[in-house]
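> Below are the sequence and a predicted model; questions follow.
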Amino acid sequence: MGGIGTGMRIANTINLHNPASYSSVDTLTFLADMGMSFQHGNFREKGFKVNARNTTVDYMAMQFRILPKVGLTAAFVPFSNVGYNFSSTTVIDRNDREILTRTDQYYGTGGVREFKGGLGWAATGWLSVGMNTAFVTGDLSHYVIDSYSDVQIKSRPLTYSADLRGVKIDLGAQTTMPLKEGRLVLGATWSPATTPDCDAMRIELGGDTIKYGADGAFSMPHLFSAGFSYAAEKLIFGADVSYQTWSDAAFFESKYGVNSVKASAGVLYCPDISDKNLFRHSTYRAGISYRQPYYKIDGYNGPTEYSVSAGISIPFALAYDSRSFLHISGQFVRVQPGTEGMITENYFRLNVGLSFMERWFRKIQAD
């Protein structure tokens, strides 16, 4: 659904975007979700094309009610993944005998992960609030290697490495308004900026080694979001807008970010949830999203991201009074550079997920 979730509130769905939604789970239900993505990427620059494929685990989560008005969720979510390898060659001298060139290679590995737990509380019949507390951990490595066509010129590669860990908080609220036909949910979230503890350094072969401050090498920005959803008998649609303060975020104590807005919209349709026909009982989703650049390179804004997605959730029964879903969706993402000389990126993602909904807390009365 384009990645919306701030205003989404569905009892049989784990919504990690807004912890206030956790209180929607009913007293008898245990939910478990997991998802994976299979991605094909196409990269273009100045007439050159390169394809790449990779597979990632998107999330694992579980949810259940611990008190009459309180739902609990625990989840593993990758916060970011680093994986790139590209190079550029420049002519730095030309004479009658030879051409001297320099090739700069850039590659990086690693990633940051979140292990989070959260509570959602239905404070009143119309207001719910929630909070996530996440332990953030990861390691990042970035390499810059220069080499010359004249082997007598020595290379001086640079290595940036970091091992970080810290705590991140997400706060959320949702208000539900019954309408004559359907229901309107308004939501808002705030993730305060945080600076994780970090062991980071910059190493230059044959040069200096710089150790960055343990609490200043990296920081994560504020994230604000607002959204809504309208639910009728067979249809749900909604939209989100989020704002991140990347201009305040540090990367190896340097600041390259610009504040960024992301907008998303999506729709969900289920023809007849009580019908025994598989395709009429299935749920269909579609969405779009747009994100502004969140960093600059040499004074130029980075790329703008556009995406469109569509998918289906197919139910299947595992046991008596148990209903689970297989989720399959496709997503196309275009990352459009802000100026000439940057790489244009196109991605097609196949997302596969499983949702298990079990009646775990049902009391059976024997006559």
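All right, it came through fine. Numbering: from 1, shown residues only.
> Next up, the contacts around the closest residue to Tyr256 other than its chain neighbours.
Nearest residue to Tyr256 in three dimensions, chain neighbours excluded: Tyr295, at 4.8 Å (C-beta to C-beta, 6 or more residues apart in numbering). Placement of C-beta: from N, CA and C, glycine included. For Tyr295, the contact set (C-beta atoms under 8 Å, 6 or more residues apart in numbering) comprises Trp246, Tyr256, Gly257, Val258, Gly302.
> Same check on Val77?
Val77 neighbours (C-beta under 8 Å, 6+ apart): Leu16, Asp58, Tyr59, Ala61, Arg113, Glu114, Lys116.
> Pick the one among the residues you listed closest to Lys46.
Relative to Lys46, the closest of the contacts of Val77 is Asp58; by C-beta to C-beta it sits at 32.7 Å.
> following the helix or strand where the closest one lies, which helix or strand shows up next?
Asp58 is part of strand 48-67 when elements are defined by DSSP states H and E. On the C-terminal side of strand 48-67, the nearest following helix or strand under DSSP H and E is strand 70-94.
> Figure out how far that following strand is from the centre of its chain.
In terms of C-alpha atoms, centre = their mean, to the nearest Å, the centre of strand 70-94 is set 12 Å apart from its chain centre.
> For the next helix-or-strand element following it, buried residues please.
Stepping forward along the backbone from strand 70-94, the first helix or strand reached (DSSP H and E) is strand 99-122. Of the residues in strand 99-122, Arg102, Gln105, Gly110, Val112, Arg113, Glu114, Lys116, Gly118, Leu119, Gly120, Trp121, Ala122 count as buried by neighbour count, 16 or more other C-beta atoms under 10 Å.
> For the third one, give the beta-bridge partners.
Right, Gly110. Val82, Leu140 (DSSP bridges).
> per-residue confidence for it?
Predicted confidence (pLDDT) at Gly110: the value is 88.
> what sits against it?
Applying C-beta under 8 Å, 6+ apart, we find Gly110 in contact with Val82, Gly138, Asp139, Leu140, Ser141.
> Relative to Val308, which of these is nearest.
Checking those against Val308 by C-beta to C-beta gives Val82 as the nearest, at 25.6 Å.
> which ones are touching the closest one?
For Val82, the contact set (C-beta under 8 Å, 6+ apart) comprises Gly108, Thr109, Gly110, Gly111, Leu140, Ser141, His142.
> same thing but at 10 Å, please
Taking C-beta atoms under 10 Å, 6 or more residues apart in numbering, we find Val82 in contact with Tyr107, Gly108, Thr109, Gly110, Gly111, Val112, Gly138, Asp139, Leu140, Ser141, His142.
> All the strands of the stretch 151-300 of the chain, in order from the start?
In the stretch 151-300 of the chain, the segments counted as strands under DSSP state E, counting those that start in this stretch are 158-178, 183-191, 197-204, 209-211, 223-231, 235-244, 260-269, 283-291, 296-297, 300-301.
> will you turn those strands into a markdown table that also has mean pLDDT?
As requested, the strands of the stretch 151-300 of the chain are arranged in a markdown table below (pLDDT from 0 to 100):
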| stretch | mean pLDDT |
| --- | --- |
| strand 158-178 | 90 |
| strand 183-191 | 95 |
| strand 197-204 | 79 |
| strand 209-211 | 65 |
| strand 223-231 | 95 |
| strand 235-244 | 95 |
| strand 260-269 | 95 |
| strand 283-291 | 94 |
| strand 296-297 | 79 |
| strand 300-301 | 81 |
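> Adding distance to Pro68 and mean neighbour count, write the ones you listed out as TSV.
Compiled in TSV, these are given as follows (distance: least, C-beta to C-beta, whole Å; neighbours: other C-beta atoms under 10 Å):
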stretch	distance to Pro68	mean neighbour count
strand 158-178	17	18
strand 183-191	21	19
strand 197-204	38	17
strand 209-211	52	11
strand 223-231	23	20
strand 235-244	26	21
strand 260-269	28	19
strand 283-291	28	19
strand 296-297	50	16
strand 300-301	50	15
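> out of those strands, nearest to Gly2?
Once C-beta to C-beta is applied to the strands of the stretch 151-300 of the chain, the stretch that comes out nearest is strand 283-291, at 2.7 Å.
> What's opposite Ala310 in the beta bridge?
Counting by DSSP bridges, Ala310 forms beta bridges with Ala286, Gly330.
> One more: Gly118?
Beta bridges link Gly118 to Thr73, Asn132, judged by DSSP bridges.
> Next: Ala122.
Note on Ala122: beta-bridge partners by DSSP bridges are Ser128.
> where's it relative to Asn15, distance?
According to C-beta to C-beta, to the nearest Å, Ala122 stands 14 Å off from Asn15.
> Neighbours of the closest residue to Tyr107 other than its chain neighbours, how many?
In this structure, Tyr107 finds its nearest non-sequential neighbour in Asn85, 4.0 Å apart by C-beta to C-beta, 6+ apart. Burial measure for Asn85: 12 neighbouring residues, criterion other C-beta atoms under 10 Å.
> Which pLDDT value belongs to Asn85?
As summarised for this prediction, Asn85 has a pLDDT of 81.
> For it, which residues are in contact?
If you count contacts by C-beta under 10 Å, 6+ apart, Asn85 has them with Val50, Ala52, Gln105, Tyr106, Tyr107, Gly108, Thr109, Tyr143.
> if we can go back for a sec, would you convert the contacts of Tyr295 into JSON lines that also reports distance to Val70?
Converted to JSON lines, these look like this (distance: C-beta to C-beta, whole Å):
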{"residue": "Trp246", "distance to Val70": "34"}
{"residue": "Tyr256", "distance to Val70": "41"}
{"residue": "Gly257", "distance to Val70": "37"}
{"residue": "Val258", "distance to Val70": "39"}
{"residue": "Gly302", "distance to Val70": "41"}
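> By pLDDT, rank those and give me the bottom one.
Across those, the smallest pLDDT goes to Tyr256, namely 77.
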